[in-house]
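okay, sequence plus prediction incoming.
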Amino acid sequence: MSGKNDEKVRTIPFVRQGKKLTVGEIPEITAYEAGFLTVTNASWRTETPVCDRNRCNGCLNCYLYCPEGCVYRDGKTGKIDIDYDFCKGCGICAKLCRKGAIIMEKHGK
Amino acid sequence: MRTFISGNEALAHGIRLARPHVISAYPITPQTTVVEHLSSMCSAGKLTAEFVHVESEHSALSCAIGASATGARTFTATSSQGLLYMAECLHYAAGGRFPVVMMNANRSTALPWNIYGDQRDSMGLLDQGWIQLYVENAQEALDMSLVAYRVAEDSRVLTPFMINMDGFVLTHTYEVVDIPDQELADRFLPSYVTDNRFDFDSPKSMAFSVGPEQNFRFKFREHQAMNRAKKVIAEAEKSFAEVFGRQYTGLVENYRCDDAEYVIVTIGSVSGLVRSVVDELRRDGVAAGLLKIRYMRPFPDAEIAEILRGVKAVGVLEKDISFGYEGTVFTNVNSALQVAGLSVRTSNFIGGLGGADISREQIRDIFQSLESDGRRLNFLGINREEYDD
Ligand code: SF4
Ligand code: SF4
């Protein structure tokens, strides 16, 4: 669970893969990747947060406030990335980012 | 250092020695002096913790949970209505596996309003997923503060820990207490290291939602962790004895039960009086014994059954009642006996509600009544024949 956001951690059987977890596979604690919901909640979104990596300084303020816990750190650049399977598009991250690095892009015009 | 202090002050010293990072609490009688002492220790620089004065008990535990979610060692304290006001957050701490340590000064619950001690506050919350310990004296309150963190934060357990102390009888009475050196406390209690926190190197979702099927598995894991605490408690007490030279008795205490015919099972401060009556009766040739339950959760079913095997009659004395049935300790003890396949005659004695005194004479009467077939449920000082419908 200490892996820095590597592929291995992000490909454990999740709800998005439609796999069932055994008792042994679930985390002992409630700190983990996003995605123990019943279904992915991407379909809730009417706007999608997009991070401008040139502006993002990696402070993780967005992570602290994201209600879905779907902000993660890109291991290579140290900047943030968003797990769109579980982002509901609430826009809290965009509001809180002091660098103006997150833009909410409206869907389907 | 040996010194003459109150139970609350002793507990505060235990918490100081555990070096919590964050203390959040709201004052309520008879817990108040715990918080006052810790606050003074912080302002005098004897304890470098963030002391957060919150506006309610709900916030006190919420704040402790939030702090724990950053990897901090946390403490809060409460009593009675305050504990009940925290009820929603108790589940959050347990389900989130945040090893918060809390002191609860056992006090009656409203109405009629009353600030004196009984155990209905915490007994009503046995199902909330917290380890529940009941201490008997001030030294134990201090010592168990250290044991509490050691057990709660163990990676096999990660479960919040409630230290229960009888209101006034323990919190406000003075005893000679040995306050150990910080150096010993540090040797006994490792620092808290956890993955269960906001982690800026590897950000994870905290305290997440889980759908029905997986949710069930999380609850199973919570149950397993609580049961693992039994072993961890034994290990912690062994290590405690090595470092401090004081040996505790684990989940229960067996006092003269090995050859006993009549045993009172009880919990908390009244155990001292029962122990003294057992000694008196033994001098008179009555084979009396005391079984003190220290931990109500995890529940020591096997230990209780083992001690009560071969006993003629058991009386469970408790400061609690589940209206419409019987005392909760009694229900649990009977279940333990049934699981072990023992058919010991048991009866229940409810006493001390609202802080009512339990006398030496009443304890003797209980032992006496165990010798004959009595009622299943009895209320000390009330003759039920007169009032039953
Ligand atoms: S709050 Fe803004 S600057 Fe900070 S990590 Fe998030 S996107 Fe980057
Ligand atoms: S839009 Fe909401 S859910 Fe999506 S990343 Fe931002 S804060 Fe999280």
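Arrived safely. Ligands and ions are numbered 1, 2, ... in the order given.

how far away is whatever residue of chain A ends up closest to chain B from B:F208?
Of all residues in chain A, A:G69 sits closest to chain B, at 2.4 Å by Cβ to the nearest Cβ. C-beta coordinates here come from the backbone N, C-alpha and C atoms, glycine included. Distance of A:G69 to B:F208, computed by Cβ to Cβ, to the nearest Å: 6 Å.

what packs against the helix or strand that contains B:L90?
Element membership for B:L90 (DSSP states H and E) is helix B:87-95. Judged by 3 or more Cβ pairs under 8 Å, 6 or more residues apart in numbering or on different chains; DSSP states H and E, the packing partners of helix B:87-95 are helix B:57-68, helix B:212-244.

7 Å instead, please
Counting contacts by 3 or more Cβ pairs under 7 Å, 6 or more residues apart in numbering or on different chains; DSSP states H and E, helix B:87-95 packs against helix B:57-68.

partners of the next helix or strand after the helix it packs on in the sheet?
Following helix B:57-68 in sequence order, the next helix or strand is strand B:74-79 (DSSP H and E). With DSSP bridges as the test, strand B:74-79 is paired with strand B:22-25 (parallel), strand B:101-106 (parallel).

residues in contact with the very next helix or strand once past strand B:74-79?
Using DSSP H and E, the helix or strand that follows strand B:74-79 in sequence is helix B:80-85. Applying Cβ atoms under 7 Å, 6 or more residues apart in numbering or on different chains, the contact partners of helix B:80-85 are B:26, B:28, B:56-58, B:104, B:107-110, B:121-122, B:125.

pull out the buried residues from these.
By neighbour count, with 16 or more other Cβ atoms under 10 Å in any protein chain shown, those hold B:26, B:28, B:57-58, B:104, B:107-109, B:121-122, B:125 as buried.

and the closest residue to ligand 1 within the stretch 1-150 of chain B, how many residues sit next to it?
Nearest residue of the stretch 1-150 of chain B to ligand 1 (Cβ to the nearest ligand atom) works out as B:T70 at 17.4 Å. Close neighbours of B:T70, defined as other Cβ atoms under 10 Å in any protein chain shown, add up to 15.

likewise for the one 10 residues further on?
If you count neighbours by other Cβ under 10 Å, B:S80 ends up with 28.

spatially, what comes nearest to it if we skip its sequence neighbours?
Excluding its sequence neighbours, the residue lying closest to B:S80 (Cβ to Cβ, 6 or more residues apart in numbering or on different chains) is B:R107, at 3.7 Å.

next: B:V314.
Once flanking residues are discounted, B:V314 sits nearest to B:T346: 4.6 Å by Cβ to Cβ, 6+ apart.

so for the helix or strand harbouring that neighbour, mean pLDDT?
Per DSSP H and E: B:T346 is located in strand B:345-350. Mean pLDDT, computed over strand B:345-350, is 98.

using PDB, list the CA coordinates for that strand.
The C-alpha coordinates for strand B:345-350 follow below in PDB (Å, rounded to 0.1, in the frame of the first residue of the first chain):
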ATOM      1  CA  ARG B 345     -27.200 -21.200  38.200                       C
ATOM      2  CA  THR B 346     -27.000 -17.400  37.600                       C
ATOM      3  CA  SER B 347     -28.800 -14.400  38.800                       C
ATOM      4  CA  ASN B 348     -28.600 -10.700  38.200                       C
ATOM      5  CA  PHE B 349     -28.300  -7.900  40.800                       C
ATOM      6  CA  ILE B 350     -28.800  -4.400  39.600                       C
END
